[in-house]
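S.K.: Everything below, folded, please.
(2 chains)
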There are 2 protein chains.
Amino acid sequence: MTPERARAAFRDGQVAPTTGWADGYAQANLVSVPKDFAYDVLLFAQRNPKPCPLLDVTEAGSWSTAVAPGADLRTDLPRYRVWAQGELVEEAGDVRSWWRDDLVTFLIGCSFTFEAALLEAGVPVRHLEQGRNVPMFRTDRRCRPAGRLHGDLVVSMRPVPAELVATAVTVTAAVPAVHGAPVQVGEPGRLGITDLSEPDFGDPVDLHDGDVPVFWACGVTPQVAIMESRPPFAITHAPGHMFVTDVRDVDLRVS
Amino acid sequence: MTPERARAAFRDGQVAPTTGWADGYAQANLVSVPKDFAYDVLLFAQRNPKPCPLLDVTEAGSWSTAVAPGADLRTDLPRYRVWAQGELVEEAGDVRSWWRDDLVTFLIGCSFTFEAALLEAGVPVRHLEQGRNVPMFRTDRRCRPAGRLHGDLVVSMRPVPAELVATAVTVTAAVPAVHGAPVQVGEPGRLGITDLSEPDFGDPVDLHDGDVPVFWACGVTPQVAIMESRPPFAITHAPGHMFVTDVRDVDLRVS
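M.R.: Numbering: from 1, shown residues only, chains lettered A, B, ... in the order given. Prediction:
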């Protein structure tokens, strides 16, 4: 499955979480806001690089991106969310009717990108095994605010066999552009997460005996900041329903 | 020499390039622009991360920074440049009289930061041996523009013994926050540099027999973009006369 074919399927109406799609290619979170709000989002990303590693920022009004030439950011994701004053207005598979000339789009690295590398290193990815979306949780850690934008850190959780936690850390530390190393290992309560079976976004996933919950910063973080900060208008992806880029995973690895 | 004492010396009027000062602490390029221009600078940095790795972005009007609590960005650098419409208006050791309530300050990583690590790895740093500022060159490579901001890539050059080039690459690749790995090794002509003895900024440095010129992206790049793009007002550091932060080198190392 090439990124181009994945995007074509979503453009043609298919709806699915993109975990496991177009293996070997980076996936991205999408946040589009009016130009007037773009400085705050850009500064929020600069100040919170673990949840918000930027892969691209478009020109105002443009639905093209350097990380996937030929793609249309208004149609090529499986599922979008449209927001007004921080309230969800619509979930849709196509946002052409909502598009505005002043929208600046931020594409933010997604941890789905490193799942192929985890598998390659022998680390099982439980939500893939169980055919589910990754579970995501709001934490009680505040992001560093920027202008009008403020909110809690969101994390994704993957159960990892205890003897493979170190491998999972080193594999993901090598790709800071898609959230990098975990923010925490093994203590959900210390992040304000009370019940692993009740994620705020995505699906619950079953831990095997000997699995430890590992938490990575998540690109849904700016979406939560938008819910809380209530900009007049925004479009985002639906959690887990990402933009598949033409950038190869390996090109994001450092060292 | 602590960062605090270095800054105090500059605040008290000492003027010197900061190469070799406060070993073990990160140094930063400074660019201050009116809020109206700040989005363009922030986007320019996002699109050109090698020359413009951001260490901090201040609130408008503030002369404080998270990377050196207690410092005053208007007085604590050894030398500033003040710009109007892209023209140099003044060089000064103190810019309090030029400060404006709408100035947003960008602190950008500086390659002086990795010189201690080079020395530690056995790589000689010729401009330090020769008691000079590092030589910097405008190249013929264009940066990716952002809004009203556009300009050529600027590089710093360090002669490295041929058998130590690989070491210099790996040591600096580990610190992307201060420009990371070289952009080019060994072919000044391919960057549009015709004469290594005539740098555009800083001092010429002598190559020893067996030395190869190695080029790193340089934080003077946004300064050159400001000269070319002519914003109404800007303050920058004078090349080589950096802001010494409280951030330790080692805390910027990845992997």
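S.K.: And stretch A:142-154, what's buried?
M.R.: Within stretch A:142-154, the residues scored as buried using 16 or more other C-beta atoms under 10 Å in any protein chain shown are A:143, A:145-146, A:149, A:151-154. All C-beta atoms are positioned from the backbone trio N, CA, C, and that covers glycine.
S.K.: scratch that, stretch A:59-68 is what I was asking about
M.R.: A:63, A:65, A:67-68.
S.K.: do the same with stretch A:22-42
M.R.: Those would be A:22, A:25-34, A:37-42, for stretch A:22-42 by 16+ other C-beta under 10 Å.
S.K.: and those residues, which of them are in helices?
M.R.: Residues from the buried residues of stretch A:22-42 lying in helices, with DSSP state H as the criterion: A:37-42.
S.K.: show me which of those neighbour chain B.
M.R.: A:38-39, A:42 (C-beta under 8 Å from any C-beta of the partner chain).
S.K.: Pop out the phi and psi values for residue A:166.
M.R.: phi -60, psi -40 (degrees, to the nearest 10).
S.K.: Now do the helices in the stretch 51-200 of chain A.
M.R.: Ranges of helices in the stretch 51-200 of chain A, per DSSP state H, counting those that start in this stretch, are A:115-120, A:126-129, A:165-173.
S.K.: Would the longest one count as contacting chain B?
M.R.: Meaning helix A:165-173. Yes. Applying C-beta under 8 Å from any C-beta, one finds helix A:165-173 touching chain B at residue A:173.
S.K.: average pLDDT across that helix?
M.R.: In this model, helix A:165-173 has an average pLDDT of 92.
S.K.: Could you do the shortest one as well?
M.R.: On average, the pLDDT along helix A:126-129 is 96.
S.K.: Identify the residues contacting residue A:226.
M.R.: Taking C-beta atoms under 8 Å, 6 or more residues apart in numbering or on different chains, we find residue A:226 in contact with A:31, A:33, A:83, A:86, A:149, A:151, A:234, A:236.
S.K.: quick one: low-confidence parts of the stretch 1-150 of chain A?
M.R.: By pLDDT under 70, the stretch 1-150 of chain A contains no weakly predicted segment.
S.K.: Please enumerate the strands of it.
M.R.: Using DSSP state E, counting those that start in this stretch, the strands found in the stretch 1-150 of chain A span residues A:25-34, A:54-57, A:80-84, A:87-92, A:103-109, A:136-142.
S.K.: neighbours of residue A:198, just the number please.
M.R.: The local packing of residue A:198 (other C-beta atoms under 10 Å in any protein chain shown) involves 10 other residues.
S.K.: so it touches residue A:205, yeah?
M.R.: No. Taking C-beta atoms under 8 Å as the definition, residue A:198 is not a contact partner of residue A:205, at 11.8 Å.
S.K.: Near the nearest residue to residue A:30 once chain neighbours are set aside, how many other residues are there?
M.R.: Nearest in space to residue A:30, with sequence neighbours left out and distances taken as C-beta to C-beta, 6 or more residues apart in numbering or on different chains, is residue A:237 at 4.4 Å. Look at residue A:237: counted by other C-beta under 10 Å, it has 26 neighbours.
S.K.: One more: the one 3 residues further on?
M.R.: As a burial measure, the neighbour count of residue A:240 was computed by other C-beta under 10 Å and equals 25.
S.K.: three-state assignment of it?
M.R.: Following DSSP: H, G, I helix; E, B strand; the rest coil, the label given to residue A:240 is coil.
S.K.: Next up, the contacts around it.
M.R.: Contacts for residue A:240 (C-beta under 8 Å, 6+ apart) come out as A:17-19, A:133-134, A:136, A:201-202.
S.K.: quick one, what contacts the residue most central in space within chain A?
M.R.: Centre of chain A computed as the mean C-alpha position; nearest residue by C-alpha atoms, centre = their mean is residue A:219, 3.5 Å away. For residue A:219, the contacting residues are A:28-29, A:51-52, A:108-111, A:179, by C-beta under 8 Å, 6+ apart.
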